[in-house]
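Peer 1: output the structure for:
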Amino acid sequence: MNLPALEKFSDHQELTTGGSGRLGEVAMIYLDYNATTPLAPEVVQGIRPYLEEEFGNPSSDYPLGQRAQAAVAQARSRVAALLGAQPQEIVFVSGATEANNWVLKGVAHHRRGRGRHLVTTAIEHPAILQPALFLLEEGWDVTFVKVDGRGLVDPDDIRRAIRPDTILISVMLANNETGAIQPLAEISRVARDHGIPVHTDAAQAVGKIPVDVQALGVDFLTVAGHKLYAPKGIGALYIRSGQSLTPLLHGASQESGRRAGTENVILDVALGLACAVAQTRLPEDMAQLQARRDQLHALLQEGFPSLVLNGPVQERLPNTLNVSFPGLQGSSILAGLPELAASTGAACHGPQVKVSHVLAAMGVPPAVGQGAVRLSVGRFTTAADIDRAAHLLLTRVQDLSAAGK
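Peer 2: Residues are numbered from 1 along each chain as shown. You can find the predicted model right below:
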């Protein structure tokens, strides 16, 4: 068993300042798209009928219910199209946390006769790490594979972690803090050589980069609606045809008997619309996101030459910039900028400042990690937003440096 520092999984919280729209009379700059996204206008418009007259239960046989059933089916097809999957391989869930819990616990239960060992990584989201620790307490064995200084997993380390009793490998596609994109296709080939199913938490990746389940070779894939301009409370789990896992929820036969409960037509439609928009806009969005991200990085680097990039230069989400201002604290920087919404890479616990488990796993020194700030741009970020954000951050950093803080 390879067990990382457990307190870092539960203690770290992303500290977010600001909100959306306006803060009092000051226009707010939103650079926390990895935390959540606003709703796409197409989504807002598209769900309106289901908030009003189209309120039917998809299980009902009369026209109102049949229209709801058709709407859910269309939404499922739209999610599948974005992922390169078949509609019957998509199950709607309440979000990424449910999907991740379902895969780890469901596969563990379903395959318990074949083994009791799982492989994941030290940089996963708590929605993976906590279920893994739960299984550990229940008698399963878990290996948490390390990452390099860029936050990337070596497929050979996954290979070395595999045992005869390994029943699942779960590696996130893109890290929520650094944006590091993992070599999932290579990891899947390693797993396939050993007959082990692969799950990926793709919550941060879907809608930002191409995500194709066939190219990735994964058996399970998690989608989170509120990371791609759909509402909170909706997500999807891709389950490759032929793969099985024990349901978390038992009841009626919704979702082909895989997840009981009356379908949330409003949210299902919303996720489908968001996926359709993402599929259409992906090349344009990727180019724009990277341009904004790199513009921000260049401005900050010019004004603060000792700036440190946390994460890989290339193998990274086009919208994510995690940088450290050595000698300062990210929380102090953002605390003085109520007009800027962003996240820190460390959490304050009384007099102590703990670096996130992701940066710690990468070997980022505490003096650097404590000064980390995650800045994530999105579809509605403008070049003017970037210029203003850089000015605010650099002014605040200069003030704190002058004050010795």
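
Peer 1: for the stretch 1-150 of the chain, give me the ranges with low pLDDT.
Peer 2: By pLDDT under 70, the low-scoring segments of the stretch 1-150 of the chain are 1-26.

Peer 1: how about the strands in it?
Peer 2: 22-23, 26-27, 29-30, 90-93, 117-121, 141-145 (DSSP state E, counting those that start in this stretch).

Peer 1: just checking, what packs against the last one?
Peer 2: Using 3 or more CB pairs under 8 Å, 6 or more residues apart in numbering; DSSP states H and E as the contact criterion, the elements in contact with strand 141-145 are strand 117-121, helix 126-137, helix 155-161. C-betas here are computed from N, CA, C, even on glycine.

Peer 1: which of the three states applies to Lys232?
Peer 2: coil (DSSP: H, G, I helix; E, B strand; the rest coil).

Peer 1: pLDDT score for it?
Peer 2: At Lys232, the model reports a pLDDT of 98.

Peer 1: what's near enough to touch it?
Peer 2: For Lys232, the contact set (CB atoms under 8 Å, 6 or more residues apart in numbering) comprises Thr36, Gly95, Gly225, His226.

Peer 1: recalculate using a threshold of 6 Å.
Peer 2: With contacts defined as CB atoms under 6 Å, 6 or more residues apart in numbering, Lys232 is in contact with His226.

Peer 1: distance of it relative to Ser356?
Peer 2: 22 Å (CB to CB, to the nearest Å).

Peer 1: can you check Gln288 too?
Peer 2: From Gln288 to Ser356 the distance is 28 Å (CB to CB).

Peer 1: and the two? Which one has more around it.
Peer 2: Ser356 (30 against 19; other CB atoms under 10 Å).

Peer 1: now do the strands in the stretch 301-405 of the chain.
Peer 2: 308-309, 320-324, 340-341, 343-344, 346-349, 352-355, 372-376.

Peer 1: partners of the first one in the sheet?
Peer 2: Sheet pairing of strand 308-309 (DSSP bridges) gives strand 320-324 (antiparallel).

Peer 1: how far off centre is the helix or strand where Asp294 lies?
Peer 2: Assessed by DSSP states H and E, Asp294 sits inside helix 265-303. On the basis of CA atoms, centre = their mean, to the nearest Å, helix 265-303 is displaced by 14 Å from the centre of the chain it belongs to.

Peer 1: contact partners for Asn175?
Peer 2: With the criterion set at CB under 6 Å, 6+ apart, Asn175 makes contact with Ile123, Gly151.

Peer 1: please repeat the previous calculation with a cut-off of 10 Å.
Peer 2: Going by CB atoms under 10 Å, 6 or more residues apart in numbering, Asn175 touches 34, 121, 123-125, 147, 151-153, 181-182, 201, 204-205, 311-312, 316-317, 320, 322, 358, 362.

Peer 1: buried only: go through those for me.
Peer 2: 34, 121, 123-125, 147, 151-153, 181-182, 201, 204-205, 311-312, 316-317, 320, 322, 358, 362 (16 or more other CB atoms under 10 Å).

Peer 1: so where's the stretch 251-400 of the chain uncertain?
Peer 2: Ranges of the stretch 251-400 of the chain meeting pLDDT under 70: 346-353.

Peer 1: so which residue of this structure lies furthest out from the middle?
Peer 2: Tyr62 (38.7 Å; CA atoms, centre = their mean).

Peer 1: how close does that residue sit to Gln370?
Peer 2: 60 Å.

Peer 1: now the helices for the stretch 301-405 of the chain?
Peer 2: 330-335, 357-361, 366-369, 383-402 (DSSP state H, counting those that start in this stretch).

Peer 1: for stretch 48-57, output the C-alpha coordinates as PDB.
Peer 2: As requested, the backbone C-alpha atoms of stretch 48-57 are provided in PDB (Å, rounded to 0.1, in the frame of the first residue of the first chain):
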ATOM      1  CA  ARG A  48     -36.900  27.400 -20.700                       C
ATOM      2  CA  PRO A  49     -39.700  25.200 -22.100                       C
ATOM      3  CA  TYR A  50     -38.900  22.500 -19.500                       C
ATOM      4  CA  LEU A  51     -39.100  25.100 -16.700                       C
ATOM      5  CA  GLU A  52     -42.600  26.000 -17.800                       C
ATOM      6  CA  GLU A  53     -45.000  23.900 -19.900                       C
ATOM      7  CA  GLU A  54     -42.900  20.800 -20.600                       C
ATOM      8  CA  PHE A  55     -42.900  19.300 -17.100                       C
ATOM      9  CA  GLY A  56     -43.800  15.700 -18.000                       C
ATOM     10  CA  ASN A  57     -42.300  12.600 -16.400                       C
END
